[in-house]
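Student: sequence and predicted structure, then a few things I'm wondering about:
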Amino acid sequence: MATIRRVRYYIYLKDVLVLSLTAFGGPQVFLAMVINMMVKKRGYISEQDLIELNALCLVLPGPTSTQTISAIGFKIGGPTLAYLSLLVWIFPATCLMIATAFLIEYLQANTEGALGFARFIQPMAIGYIIYASQITIKKMIHTVEAALLMMIAAFVAFFYNSPFIFPIMLAIGGLITTHNYNKQPVIKEKSKIKISWRNFILWAGVLIAAAVLGHYTRLLPVRLFENFYRNGSLIFGGGQVLVPYLYTEFVEFKNYLTSEEFLTGYAISQSIPGPTFSISSYIGALSMRDLGATGMITGGLIAAAGIFLPGTFLIFFIIRFWDELKKYRPVRAALEGINAVSCGMLIAAAYLLFEPLDNNFFNIMAIIGTFALLQFSKIPSPLIIVIGVLAGISYQWIIS
């Protein structure tokens, strides 16, 4: 039995590594790849269970793809395999984004007009968000009520740009659609829900401890961990929703990065495989650039730990009783409203990121062109970013 268990661990972790190196194109592509590899090829989990599990992860704050991978690992081999899955999944993207931070810092220190190559990929990042919004809306919005909730959520998220409003809107959205519970199929076989609070206490304990230590020590590494852990605990709706709030905190409020550095990093993060939350490693590394190479590596790793841990703790808390909880029709009905609000947040995120850019012809065409390529062509996502980089280099050479 032990031999089978070791082989299962090895095969699953190898599959996770393959996904972490090949899952380009965001959460929609990721889910399709997981269905193909882990449902159809390996049979780790049924397709229906995977879709419900992914919906649960959408409801929780934090990175959906990371939580999904960790939850599958938990079902197969318990907490040990789940944490190993987490490390294998985030490691390649974290390393790549820290390396990107080093590259950007080196270019700016040694080359005049260093970010000229990013002339077009900064607005292209907006095109990626619009594309993600369009796919997500098509997948999740099926009723007039959901469409209205989405538009209201977009309006509120735009004018009240605070992460604390997100959980409130999601809760309200879920409550609004619970009245449709009678449209859900009845599942008669129910048993008493048993809740273990250990992981919830762990999540809350780390959140409080990081806030207290950050306040009293004022040490940058501690404050960075608290910043990212707080964002990972409060942001619903995935990486696209996370981005504008990281921008507000680290660019506009703390001035750790410039707008150009941030948007360049986000665009590059869209061209690498793995979780979109990996942009946090890039931000963390540049936030500690004054401490040299060691500081940048430390900042990148601290940011990764801060952003990925809270969602992992929360999914481990709920996954233990999710199979029983989802049998209740109001719970399933609430997912419609929660998903609609998440779509509204995506719409607001696209506009919030466009605000710092110049409202000119080139930026508008870069956004429209990126969306068109993603929507109507089969050009891989990384190659589209390469095209944008080459266009920026050519533009810089022509005007110089």
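Tutor: Here it is on my side, so go on.

Student: so where's the longest helix in the chain?
Tutor: helix 64-110 (DSSP state H).

Student: return the list of helices and strands in contact with that one.
Tutor: Applying 3 or more C-beta pairs under 8 Å, 6 or more residues apart in numbering; DSSP states H and E, one finds that helix 64-110 contacts helix 2-22, helix 27-34, helix 47-59, helix 259-269, helix 279-287, helix 292-319. Using the backbone N, CA and C atoms, a C-beta is placed for each residue, glycine as well.

Student: closest to Gly337 out of the ones you listed?
Tutor: With C-beta to C-beta as the criterion, Gly337 lies closest to helix 47-59 of the helices and strands packed on helix 64-110, at 10.4 Å.

Student: quick check: mean pLDDT of the closest one?
Tutor: Mean pLDDT, computed over helix 47-59, is 74.

Student: tell me the buried residues in it?
Tutor: For helix 47-59, a neighbour-count test (16 or more other C-beta atoms under 10 Å) marks 49-50, 52-59 as buried.

Student: got it, and stretch 352-369?
Tutor: 352-354, 357, 363, 366-367, 369.

Student: closest one of the residues you listed to Gly205?
Tutor: When the buried residues of stretch 352-369 are compared for distance to Gly205 (C-beta to C-beta), Leu352 wins out at 32.2 Å.

Student: any idea which helix or strand comes after the helix or strand where the closest one lies?
Tutor: Using DSSP states H and E, Leu352 sits within helix 329-354. On the C-terminal side of helix 329-354, the closest following helix or strand by DSSP H and E is helix 361-376.

Student: got the angle for that following helix vs helix 329-354?
Tutor: The directions of helix 361-376 and helix 329-354 differ by 150 degrees, with axes from the mean of the first three to the mean of the last three C-alpha atoms, to 10 degrees as the criterion.

Student: CA atoms of helix 361-376 as CSV?
Tutor: Only the C-alpha atoms of helix 361-376 are listed here, as CSV (Å, rounded to 0.1, in the frame of the first residue of the first chain):
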residue,chain,number,x,y,z
PHE,A,361,-4.5,56.2,-30.4
PHE,A,362,-1.6,53.9,-29.9
ASN,A,363,-2.8,52.7,-26.5
ILE,A,364,-6.4,52.2,-27.7
MET,A,365,-5.2,50.2,-30.7
ALA,A,366,-2.9,48.1,-28.6
ILE,A,367,-5.8,47.2,-26.3
ILE,A,368,-8.2,46.4,-29.2
GLY,A,369,-5.5,44.6,-31.1
THR,A,370,-4.6,42.4,-28.2
PHE,A,371,-8.3,41.5,-27.5
ALA,A,372,-8.8,40.7,-31.2
LEU,A,373,-5.8,38.4,-31.4
LEU,A,374,-6.8,36.6,-28.2
GLN,A,375,-10.4,36.3,-29.4
PHE,A,376,-10.1,35.5,-33.1
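
Student: how far off centre is the helix or strand just after it?
Tutor: Following helix 361-376 in sequence order, the next helix or strand is helix 381-399 (DSSP H and E). Relative to the chain's own centre, helix 381-399 is displaced by 26 Å; criterion: C-alpha atoms, centre = their mean, to the nearest Å.

Student: could you pull out the buried residues of helix 381-399?
Tutor: Across helix 381-399, burial judged by 16+ other C-beta under 10 Å covers 381, 384-385, 387-389, 391-392.

Student: again, but for stretch 327-335
Tutor: Applying 16+ other C-beta under 10 Å to stretch 327-335 flags 327, 329, 331-335 as buried.
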